[in-house]
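requesting a structural model of the entry that follows:
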Amino acid sequence: MLEKTERLDLIAASRRLFLAATVATSMLLLNHTTVVAQEPKVLVYSDHEPLGGMRTRFLKDVLFPAIEKESNGRLKIDDHWNGELAIAYDARGAVAAGEVVDISTVVPEYSANEMPLHQIFKGFPMGPTGDGQIEFFKRVYAEIPAFAEEMTENNLVTLYFGTGYPVAFYSTKPLGSLNEVSGGRWRTASFWHQDFLTNVGATPVTMHWGPEVPAALQAGTIDGLMVNVDSGYMLKVHEVAPNILASKDLWLGHVYLLAMNKTTWDGLAQDDRDAIRRAAESAYTTLGSVMDNSFDAQIQELQDAGATVRVLDKAEIEPWVAATRYQEAQDAWVRSQQSKGNESVDPALKAVRSIMRDIMD
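Below is the predicted model:
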């Protein structure tokens, strides 16, 4: 039988062991909690283009690091390129579903039925450049609620928008001015540009974007190509159509929406949503100059490759703008959309026209 002193010593030892175990367990739990709290939320990003062009490098090198910085490491972008997770025509559906992709670059032109209002942007033959282009799109999304509503209808939220290079005309024959586009057969994918070409007296041609295009140019079945200047260069169209007219003022209106699944967005903490917004705003401050400098570099690359490139000034473009009768084309498109029950297109177009006039004046 233990003496009283021995029993008290045993109880005291047991208490010490219990306290030690409790402290150790608490430290383990604390450490585990700390690790979990520091682990970033990974957002899966999908892009249909390979990493390397102006737009994709800007996302990778500027915007995505800004998101991670502004969130103090709470958010991390797991980026996938070149259609690894979703090709261009599937991007909107993939991010809207949110099963594999959290964020994606969505091209509205590839979802014309689901995003009719976003087709308006390409309906202008001339528009602002550089910072003016950024201001235009920022005002559209800030002042015209219908665009955000259209995104919501697709279960999407716009985080940021990027734009592409302006339009260029690649011709197999010497091309002195835009007046000489008349009478030729020109490949284009845009329904707006098809109307513009028809109105100036040219014949629009549609065909798959790929080796078929330079082959058709070489065979003489088409005379030229109306497309953003970098796409023509990447397809090496200049090797068979080396006569090029280009200008920063030849508006493409091709917007690349960095869109997040709305359910995912709603599930983020407010601090994280604010961080993404701050990152986008900081990126916009340099995007305009990057686009201008990249255009100049692209022209130089074409010239170095042996192409004859003439950069047009705004005065040379204005007769082309008048000849396209773009406002008639816009009004006809509104009527066709209204016949489908899309009544919001008319007030949206009028509001966009107003902002465009303000920016261009």
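
just the pLDDT at Met27, thanks.
Here, the pLDDT recorded for Met27 equals 47.

same deal with Thr34?
What the model reports for Thr34 is a pLDDT of 42.

where exactly do the helices run in the protein?
Here the chain has its helices, by DSSP state H, at 4-38, 54-58, 64-70, 91-97, 130-143, 145-153, 191-199, 212-219, 229-234, 262-267, 270-304, 314-324, 326-338, 345-360.

which parts of the second one are buried?
Buried residues in helix 54-58, defined by neighbour count with 16 or more other CB atoms under 10 Å: Met54, Arg55, Thr56, Phe58. Glycine gets a C-beta too; all of them are placed from N, C-alpha and C.

please apply the same query to the last one.
By neighbour count with 16+ other CB under 10 Å, helix 345-360 contains the buried residues Val345, Ala348, Leu349, Ala351, Val352, Ile355, Met356.

check which helices and strands it sits against.
The contact analysis (3 or more CB pairs under 8 Å, 6 or more residues apart in numbering; DSSP states H and E) places helix 345-360 against helix 130-143, helix 145-153, helix 326-338.

worst mean pLDDT among these?
Note on the helices and strands packed on helix 345-360: helix 130-143 shows the lowest mean pLDDT, a mean of 94.

buried sites along that one?
Result for helix 130-143 [16+ other CB under 10 Å]: buried residues Gly130, Asp131, Gln133, Ile134, Glu135, Phe136, Phe137, Arg139, Val140.

residues near the closest residue to Ala283 other than its chain neighbours, how many?
Among residues not flanking Ala283 along the chain, Leu63 sits closest, at 4.6 Å (CB to CB, 6 or more residues apart in numbering). Leu63 has 21 neighbours, counted by other CB atoms under 10 Å.

got the contact list for Leu63?
Tyr160, Leu258, Ala279, Ala280, Ala283 (CB atoms under 8 Å, 6 or more residues apart in numbering).

can you tell me which two in these are farthest apart?
Across the contacts of Leu63, the longest distance by CB to CB is 10.6 Å; it joins Leu258 and Ala279.

so what sits against both of these two?
Common neighbours of Leu258 and Ala279 (CB under 8 Å, 6+ apart) are Leu63, Tyr160.

relative to Leu159, how far out is the spatially most central residue of the chain?
Residue closest to the mean C-alpha point of the chain, counted by CA atoms, centre = their mean, is Tyr256 at 1.8 Å. Using CB to CB, to the nearest Å, we find Tyr256 at a distance of 12 Å from Leu159.

next: Ile103.
7 Å.

number of nearby residues for His238?
24.

skipping adjacent residues, who's closest to it in space?
Distances taken as CB to CB, 6+ apart place Ala307 nearest to His238, at 4.2 Å, with adjacent residues excluded.

I'd say that neighbour and Ala246 touch.
No - look at Ala307 against Ala246 with CB atoms under 8 Å: they stay out of range, at 10.1 Å.

who has more neighbours out of the two?
A count of neighbours by other CB under 10 Å puts Ala246 above the other of Ala307 and Ala246, at 23 against 19.
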